[in-house]
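Engineer: Pasting the sequence and the predicted model now:
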Amino acid sequence: MKIIMLGAPGAGKGTQAKMIADKYGIPHISTGDIFRTNIKEGTKLGKEAKEYMDQGRLVPDELTVKILLDRVEKEDCKNGYVLDGFPRTIPQAEVLTDALGKVGDKIDYAINVEVPDKNIISRMSGRRACLGCGSTYHLEYNPTKKEGICDSCGSETVLRDDDKAETVKKRLLVYHEQTHPLIEYYKKQSVLYEVDGTMDMQDVFQAIANILGA
Ligand code: AP5
């Protein structure tokens, strides 16, 4: 089962992708997490990506595509995967379609988690991300058991640099210009499914599970 999560920044793609990965036993692949790990480790890729991410811009396709294609070729992706944050542009989607097509394969589900812009900014200001394992929480909707401490690994949780209101506004603009057209792209491939992302997290997940079956 090969799944793509679509939606604005903060729509809940990562939250749902993790739940899907756990339920269906497939890897959750987030290009944002790959970049953040590289930033933490101080790699060349991390330094380059950080410049774009801190401004709310997309990391250039030439840096992003190869990382993703290398990742989906790994052994653990044999039975499928859930992509979170990739593709984000039409050229990225075309590269993925071509790469899969060469081995007679395709994306099975592109799930658009729909949340209006007005809900996004408040959602992002309450998000907290773990510095250790990248798990995400929300101060109100999904708090950690102990304030400021990750439930999974015990590291500190913080507001991401790119979750400050001004950067979120820029990310939303970039989303509408460059990523939103993917909805039409996958609709044409007859694999687009829409879910209302303003519902409670568990209800959103139930709607997705109904689409995926079993
Ligand atoms: P990335 O990390 O992918 O960020 P994003 O797409 O902007 O998405 P987010 O992680 O911010 O949000 P999300 O939809 O996953 O929401 P979440 O589940 O956390 O990318 C960051 C940057 O990396 C990009 O800006 C770009 O620069 C670069 N990048 C990454 N991939 C790239 C690519 N392919 N090409 C080029 N550049 C790339 O939820 C948000 C909050 O809401 C959380 O606090 C959560 O707890 C809460 N929440 C979730 N669901 C609900 C709900 N139903 N009700 C209430 N609260 C909820």
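Structural biologist: Cool, the structure landed.
Engineer: Enumerate the residues of this protein near the ligand.
Structural biologist: Listed as neighbours of the ligand in the chain under the rule CB under 6 Å from any ligand atom: 7, 9-15, 30-32, 35, 52-53, 57-59, 64, 85-86, 88, 92, 123, 126-127, 136-138, 141-142, 162, 171, 197, 199-201, 204. (Each C-beta comes from the backbone N, C-alpha and C, glycine too.)
Engineer: same for the one helix or strand in the chain whose mean pLDDT sits lowest, what does it pack against?
Structural biologist: The least trusted helix or strand in the chain, going by mean pLDDT, DSSP states H and E, turns out to be helix 117-125, with a mean of 89. Using 3 or more CB pairs under 8 Å, 6 or more residues apart in numbering; DSSP states H and E, the elements in contact with helix 117-125 are helix 165-174.
Engineer: Report the mean per-residue pLDDT for the helix it packs on.
Structural biologist: For helix 165-174, the mean pLDDT works out to 93.
Engineer: Give me the next element, helix or strand, following that helix.
Structural biologist: As assigned by DSSP states H and E, the chain's next helix or strand after helix 165-174 is helix 181-188.
Engineer: and that next one, how far out from the chain's middle?
Structural biologist: Offset of helix 181-188 from its chain centre (CA atoms, centre = their mean, to the nearest Å): 17 Å.
Engineer: so what does it touch, helix or strand wise?
Structural biologist: strand 2-6, helix 90-102, strand 109-114.
Engineer: what distance separates the shortest one from the centre of its chain?
Structural biologist: In this view, strand 2-6 has its centroid 9 Å away from the chain centroid, taken as CA atoms, centre = their mean.
Engineer: Then the second one?
Structural biologist: Chain-centre distance of helix 90-102: 18 Å, with CA atoms, centre = their mean.
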